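Asks: Turn this into a model:
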Amino acid sequence: MRPDDLKFQKSHEWCKIDGDVATIGISDYAVSHLSDLVFLDLPAVGSTVTAGESFGEIESVKAVSSLYSPITGEVLESNEDLGDNLEWLSEEPFGKAWMIKVKLTAEGADLMDGAAYDAHCKAEG
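Replies: So this is what the prediction gives:
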């Protein structure tokens with residue numbers, strides 16, 4: 001079940017903002033369309049991510065997809081266990097499958113709430 005306090009971007013990344021820390025991952029919609037995940041590349045702690053720019057890659061047997069940051073800030077934590085447990089993305093995309101935690105300096109301009117994101121996914125087909 002998806003928490004109500006998440007913000008999404010059109011490229012299917014989500015973020016949960018708690019004070020000045022944002023937790024970032026990818027949505028269940030994205031995971032279902034990627035299928036058969038084989039590799040994940042996340043940024044190192046201390047690196048900077050920028051809203052709208054790539055912070056890593058996720059690879060399925062079909063393709064490699066960039067991961068885009070919904071916010072700008074410094075990476076505080078990277079989910080090092082996720083790369084060895086990619087099934088978590090299908091099991092708990094909004095829980096233990098978080099990707100990075102970032103000290104927030106700015107939000108992206110085009111973030112959507114859950115209802116707007118659902119409408120976006122429906123329109124995307």
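Asks: tell me the pLDDT at the closest residue to Y68 other than its chain neighbours?
Replies: Nearest non-adjacent residue to Y68, counting by C-beta to C-beta, 6 or more residues apart in numbering: S11, 4.6 Å away. For every residue, glycine as well, the C-beta is placed using N, CA and C. In this model, S11 is scored at 95, pLDDT.
Asks: Could you look up the SS state of S11?
Replies: The three-state assignment at S11 reads coil, by DSSP: H, G, I helix; E, B strand; the rest coil.
Asks: From the contact counts, what lies against the helix or strand where I17 lies?
Replies: Taking DSSP states H and E as the criterion, I17 maps to strand 13-18. Secondary-structure packing of strand 13-18 (3 or more C-beta pairs under 8 Å, 6 or more residues apart in numbering; DSSP states H and E): strand 7-8, strand 21-26.
Asks: Show me where this protein has its strands.
Replies: Under the criterion DSSP state E, strands of the chain are mapped to 7-8, 13-18, 21-26, 37-41, 48-49, 54-60, 64-68, 71-78, 100-107.
Asks: buried set for the last one?
Replies: Taking 16 or more other C-beta atoms under 10 Å as the basis for neighbour counts, the residues of strand 100-107 that come out buried are 100-104, 107.
Asks: list the helices and strands that strand packs on?
Replies: If contacts are counted by 3+ C-beta pairs under 8 Å, 6+ apart, strand 100-107 sits against strand 21-26, strand 71-78.
Asks: okay if I get those as TSV plus mean neighbour count?
Replies: Listed next are the helices and strands packed on strand 100-107 as TSV, based on neighbours: other C-beta atoms under 10 Å:
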stretch	mean neighbour count
strand 21-26	22
strand 71-78	19
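Asks: what's the residue closest to the geometric middle of this protein?
Replies: In the chain, the residue lying closest to the centroid (C-alpha atoms, centre = their mean) is G25, at 2.4 Å.
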